[in-house]
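> Take this sequence and fold it.
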Amino acid sequence: MSLRDTGRQVRLRRTGRVPSDACVRHYDELDDDEQGVVRELAGKPWTAPEIGDLDDGDVVKFTDYYQVRSR
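The predicted structure follows:
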């Protein structure tokens with residue numbers, strides 16, 4: 001299972017600019033749990049428990065580019 005018990009929450013924020021130093025992951029590279037969270041959060045102002053290998057500042061290419069924000 002890819003969910004981490006860190007107590008942190010993640011949010012996805014649509015971005016038109018991908019920083020040159022960002023780790024970019026494509027949706028189809030993510031495991032099933034990570035894909036589920038991306039589907040749920042993309043384009044919505046919701047949060048979810050921190051997931052798998054996605055860290056603050058990473059970018060996921062889904063229907064658009066989404067930057068991972070964790071807190």
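
> CA only for contacts and neighbour counts going forward, please
Fine.

> Flag the shaky bits of this protein, pLDDT-wise.
Residue ranges of the chain with pLDDT under 70: 1-6.

> Next one: the residue lying farthest from the centre of it from R13, what distance?
Distance to the chain centre peaks in the chain at S20, reaching 17.2 Å (criterion: C-alpha atoms, centre = their mean). According to C-alpha to C-alpha, to the nearest Å, S20 and R13 sit 17 Å apart.

> can you check D32 too?
Distance from D32 to R13, by C-alpha to C-alpha: 20 Å.

> With neighbour numbers in mind, choose between the two.
Per other C-alpha atoms under 10 Å, whichever of D32 and R13 has more neighbours is R13, with 19 against 13.

> Quick check: phi and psi on the more buried one?
Phi and psi for R13, reported as degrees, to the nearest 10, are phi -120, psi 120.

> Next: Y27.
Dihedral angles (degrees, to the nearest 10) for Y27: phi -50, psi -40.
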